[in-house]
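> Below is the sequence, then the predicted model.
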Amino acid sequence: MITTRNILWVVALGSAWGVAEVFGEDLLTGIGAPGASIWLAVWAVLLLSIGRGAWNKIGSSAVIGLVAALFKYVGPSPDYCHLLGIACLGLLFDLFASGLLSRGRSGWWRHACVGLLTAYGSASFFVMYSVHIAHFERWVDGGTQMALDHVLRSGGAVALAAVLLAPLGFRIGGKAAETLSTSAAEDHLAAAQR
């Protein structure tokens, strides 16, 4: 069900991801952290998992990704390559979560699979799109070695973190939504008793 609370979840999580995309790469590079895009993707998977744990609705994760992409687009240096990566991550997370968590089925292993498939799927799709459709010069010139490095190393690092963080995110989101629902019900009950 679409409620104000669910819309606020989507906007808040998409904004948290978007702000990280706008400022995170420079911040991480500035402190000497290697693989800024990996850290940002891990953060994104955690936020997407929290969002889907709070509101398991087809399309909700894709909208979180679109909100984040909008932040990057209006930020100081919109890069279409990064916009594609953000949108792809949100859309594929939505696709895998919708397929694996349909009809209320869940469990830590399903949540871990959503994270794992999202990490490798988005890295693979990003490379294929960048090389064969958009013909981004950097990716075309990088050749097969750069593509494999992105999918296996970067995608593998995100996948490893996602296997651990996606179940945690789903749990946090589910508990937060449950707590907020209980608080709202108690508020309505208290107001009715007055």
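Received the coordinates, thanks.

> Regarding the protein, what is its longest helix?
Longest helix of the chain, by residue count under DSSP state H: helix 155-193.

> just checking, what packs against it?
Other helices and strands packing on helix 155-193, by 3 or more Cβ pairs under 8 Å, 6 or more residues apart in numbering; DSSP states H and E, are helix 4-30, helix 36-54, helix 108-128. Quick note: C-beta positions are derived from backbone N, CA and C, even for glycine.

> Give me the distance between the second one and the centre of its chain.
When you say that, I think you mean helix 36-54. 4 Å (Cα atoms, centre = their mean, to the nearest Å).

> Equivalent analysis for stretch 153-160, please.
On Cα atoms, centre = their mean, the centre of stretch 153-160 falls 14 Å from that of its chain.

> what's the average pLDDT for that stretch?
Stretch 153-160 comes out with an average pLDDT of 95.

> Tell me which residues are up against that stretch.
Contacts to stretch 153-160, defined as Cβ atoms under 8 Å, 6 or more residues apart in numbering, come from residues 35, 37-38, 41-42, 45, 115-116, 119-120, 122-124.

> Which among those residues count as buried?
37-38, 41-42, 45, 115-116, 119-120, 122-124 (16 or more other Cβ atoms under 10 Å).

> Same list (the residues you listed) but as TSV, adding distance to residue 54 and pLDDT.
Converted to TSV, the buried ones among the contacts of stretch 153-160 look like this (distance: Cβ to Cβ, whole Å; pLDDT from 0 to 100):
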residue	distance to residue 54	pLDDT
37	26	91
38	25	94
41	20	96
42	19	97
45	15	98
115	16	97
116	21	97
119	21	97
120	25	97
122	21	95
123	26	94
124	28	95
